[in-house]
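Student: build the 3D model from these lines:
(one chain, ligands or ions: 1)
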Amino acid sequence: MTLSVAIIGSGPSGFYTAESLMRTIDDVEIDIIEKLPTPYGLIRGGVAPDHAKTKNVARSYEKTSRDPRVRYYGNVTLGADIGLDSLRGMYDAVVLATGAAIDRPLGIPGDDKIGVLGVAAFVGWYNGHPDFRDLDPPLDTEAVAVIGVGNVAVDVARVLTKTPQEMAATDLTDYAAAAIHAAPIRDVYMFGRRAAHHAKFSNVELREMGQLDDSAPVLDPAEVPEDVPEDAASTMTDRDLRMIRRNLATLREFAGMEPGGRAKRVHFRFCASPVEILGAGRVEGIRMERTRIEAGRAVGTGETFDIACGLVIPAIGYYSEPIDGVSFDGGRSRNHDGRIEPGLYAVGWIKRGPSGVIGSNKPDGATAAEQIVEDCGAGAGKPGRKALDNVLQADNIRVVSFDDWKRIEAAEETAAAFPAPRRKFGRVSEMLAVLD
Ligand code: NAP
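Tutor: Numbering: from 1, shown residues only. Alright, predicted model coming up:
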């Protein structure tokens, strides 16, 4: 019997699940269902355009897609084109690998003003995700406040402050490049609600902020402790402690750095939590409250200060999109180490929440494969792919195959202006037009 598995979502967690299944079982048929015509999830839509090396991992996903046991169904949306119940009727196992695409709301007065843009939307916009093509962020401002001090916040600060020359060899979308490079932005503020030693950025990403052509980091040395305080250090793994110490050393270097002739500034501010977005209709500033740290948590001191800015980008995490028939808690699916119930599994951010790097998804794929074999054995003879093809054909759904995607990719590469690697299409209609 052939074990049939549908994986919903073609990002890293979906591909690692397919890889693990292929390693575990010979007689398996894996269909990867993706709502966009383009595969790879956050590798295409999330990883920063100037981090090309990180995207090379897609080569191994392509190899997986080429295995005869795997088929890619692009441009097919769970819920709209095919329901979860139908898929569970067709396949022995269904794996949810849909990530966490919704911005966690800031939840403070004024966060509905024009000019407050969640980071999923903003990054999606500059990376060519069709859902955000028409975002039109109000970039006509000299100052931007980014809330959060994780790697996503650093990505945004860097993309906003790099020069056109620094971005020339990247796949930043042309419309975003035009808008960002025409913007009068001079100051980007990055706010951490806790102290410098709680910041979550990786050291490589942080160091980049000190190496930009026309942007200098700005930091008050009093904000950087000499070392990680003992009570915080005692709660950290050795690895985390080493990374945080490196971050503190980098921040100390930043504090002593001369901006030289650089026109832009990225201000690192710690122990500052947002309390209100200011302005009449459109963002005109942000009110921050100074915090002190108690047992690792930020506690408001009542002392506030205001920063004038026209754009606020909360980079404070994500929620998964709800799926009919699946229960959610705190923005991710309820599951037991990925198992929602026998026959239905979660991997990646819809399983664990939005944390970890690309490789952190590998163990999820391995666990899901083990659970599937445990629960479904060699399969119950469900029709799988055949049934899916019938439904999609009957409903006239335009499926984008992996070969179709390769044609879209080739068109993006051909359209690129050297030295950019590709000129991404930002609309589904543009992608499908390549195939007509
Ligand atoms: P993150 O690392 O969890 O950072 C989130 C930041 O938001 C933290 O500083 C957090 O502060 C802050 N925050 C949360 N709620 C807040 C609130 N209500 N008010 C103010 N601040 C708040 O998440 P991320 O940056 O979204 O990244 C997601 C994952 O992707 C991470 O694991 C990251 O490493 C990974 N990633 C990696 C790369 C890379 O390797 N280059 C690039 C992008 C993303 P607290 O610590 O106080 O909660």
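Student: tell me which element residue 414 falls in.
Tutor: helix 402-415 (DSSP states H and E).
Student: check which residues of that helix are buried.
Tutor: Neighbour-count burial for helix 402-415, counted by 16 or more other C-beta atoms under 10 Å, picks out 402, 404-405, 408-409, 411-412. No exception for glycine: its C-beta is placed from N, CA and C like everyone else's.
Student: same deal with stretch 327-337?
Tutor: Buried, per 16+ other C-beta under 10 Å, within stretch 327-337: 331-333, 335.
Student: and which of those is nearest to the ligand?
Tutor: Closest approach to the ligand among the buried residues of stretch 327-337 (C-beta to the nearest ligand atom): residue 331, at 11.7 Å.
Student: can you pull the residues of the stretch 301-436 of the chain lying near the ligand?
Tutor: Within reach of the ligand by C-beta under 6 Å from any ligand atom, the stretch 301-436 of the chain has these residues: 315-317, 354-357.
Student: can you list the weak-confidence ranges in the stretch 201-350 of the chain?
Tutor: Of all residues in the stretch 201-350 of the chain, none has pLDDT under 70.
Student: how long is stretch 69-83 end to end?
Tutor: Chord length of stretch 69-83, first to last residue, is 23 Å (C-alpha to C-alpha, to the nearest Å).
Student: list the contacts of that stretch.
Tutor: Residues outside stretch 69-83 that contact it (C-beta atoms under 8 Å, 6 or more residues apart in numbering) are 8, 10, 18, 22, 28-39, 64-65, 84, 87, 98, 323-324, 385, 388, 391-392, 395, 397-402, 404-405, 428, 432.
Student: correct me, but residue 54 touches residue 204?
Tutor: No: checked against C-beta atoms under 8 Å, the pair residue 54 and residue 204 is beyond contact range at 10.6 Å.
Student: ok, those two, which is more surrounded?
Tutor: Shown here are residue 54 and residue 204; by other C-beta atoms under 10 Å, residue 54 has more neighbours (15 against 12).
Student: do the host helix or strand of that one and the ligand meet at all?
Tutor: Using DSSP H and E, residue 54 sits within helix 52-55. No: applying C-beta under 6 Å from any ligand atom, one finds helix 52-55 separated from the ligand by no less than 6.5 Å.
Student: for burial, what's the neighbour tally of whichever residue of the stretch 101-250 of the chain sits closest to the ligand?
Tutor: Residue of the stretch 101-250 of the chain nearest the ligand, by C-beta to the nearest ligand atom: residue 150 (2.3 Å). Using other C-beta under 10 Å, residue 150 has 20 other residues around it.
Student: so it makes contact with residue 201?
Tutor: Yes: with contacts counted by C-beta under 8 Å, residue 150 reaches residue 201, the gap being 6.1 Å.
Student: can you list the buried residues of helix 402-415 in CSV and add pLDDT?
Tutor: Output for the buried residues of helix 402-415, formatted as CSV (pLDDT from 0 to 100):
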residue, pLDDT
402, 98
404, 98
405, 98
408, 98
409, 98
411, 98
412, 98
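Student: and which of the residues you listed is nearest residue 145?
Tutor: Proximity of these to residue 145 (C-beta to C-beta) peaks at residue 412, which lies at 33.0 Å.
Student: ok, now which ones touch that closest one?
Tutor: Contacts of residue 412 by C-beta under 8 Å, 6+ apart are 422-425.
Student: one more: residue 267?
Tutor: Applying C-beta under 8 Å, 6+ apart, the residues near residue 267 are 187-190, 217-219.
Student: and the residues you listed, which are buried?
Tutor: Among those, those classed as buried by 16+ other C-beta under 10 Å are 187-190, 217-219.
Student: compare the contacts of residue 412 and tell me which has the most neighbours.
Tutor: Top of those by neighbour count (other C-beta under 10 Å): residue 424, with 27 neighbours.
Student: please state the backbone phi and psi of that residue?
Tutor: Backbone geometry at residue 424, expressed as degrees, to the nearest 10, gives phi -70, psi 140.
Student: that older thread, just the buried positions in the helix holding residue 54, please.
Tutor: residue 55.
Student: now what about that helix, what contacts it?
Tutor: With contacts defined as C-beta under 8 Å, 6+ apart, helix 52-55 is touched by 43-44, 47-48, 169-171, 358, 421.
Student: good, wrapping up.
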